[in-house]
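**Q** Sequence and predicted structure are below.
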Amino acid sequence: MAIAILKSFDRGHGLAILKLDGSRSELAAHVTGSDRTIMSSVVPGQRIRFDVGRDRRGRTFAVDVRPASSIADLA
């Protein structure tokens, strides 16, 4: 599980810009399906947790994107 800070989230397109925790790196995540519903209540600056998946071409993407709401998520 990775932790990032939400910089912005376009609810219409499901595009989230995340700043990786403890890094200068940023990434874009396209949020779809049930993850989009869960993300509808987040605000910029909030911590987000996600897992990293790989597609058939080997590219990485964020999966199971949701707010980091518990102490266990932040550890």
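**A** Cool, the structure landed.
**Q** So what touches the longest helix anywhere in the chain?
**A** Ranked by residue count and defined by DSSP state H, the top helix of the chain is helix 33-39. Around helix 33-39, the neighbours that count as contacts under Cβ atoms under 8 Å, 6 or more residues apart in numbering are Phe9, Arg11, Gly14, Ala16, Val31, Val63, Asp64, Val65, Arg66, Pro67. (C-beta placed from N, C-alpha, C; glycine too.)
**Q** What's the local residue count around the third one?
**A** Other residues near Gly14 come to 16 when the count uses other Cβ atoms under 10 Å.
**Q** what mean pLDDT does the longest helix of the chain have?
**A** Taken as a whole, helix 33-39 has a mean pLDDT of 74.
**Q** Give me the buried positions along it.
**A** Asp35, Arg36, Met39 (16 or more other Cβ atoms under 10 Å).
**Q** got those residues as TSV, with distance to Phe50 columns?
**A** Formatted as TSV, these follow (distance: Cβ to Cβ, whole Å):
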residue	distance to Phe50
Asp35	9
Arg36	13
Met39	10
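**Q** Can you check the distance spanned by stretch 32-48, start to finish?
**A** Terminal residues of stretch 32-48 lie 15 Å apart, using Cα to Cα, to the nearest Å.
**Q** correction: stretch 49-63
**A** Note: stretch 49-63 ends 9 Å apart using Cα to Cα.
**Q** so what's Ile71 scoring on pLDDT?
**A** Predicted confidence (pLDDT) for Ile71: 46.
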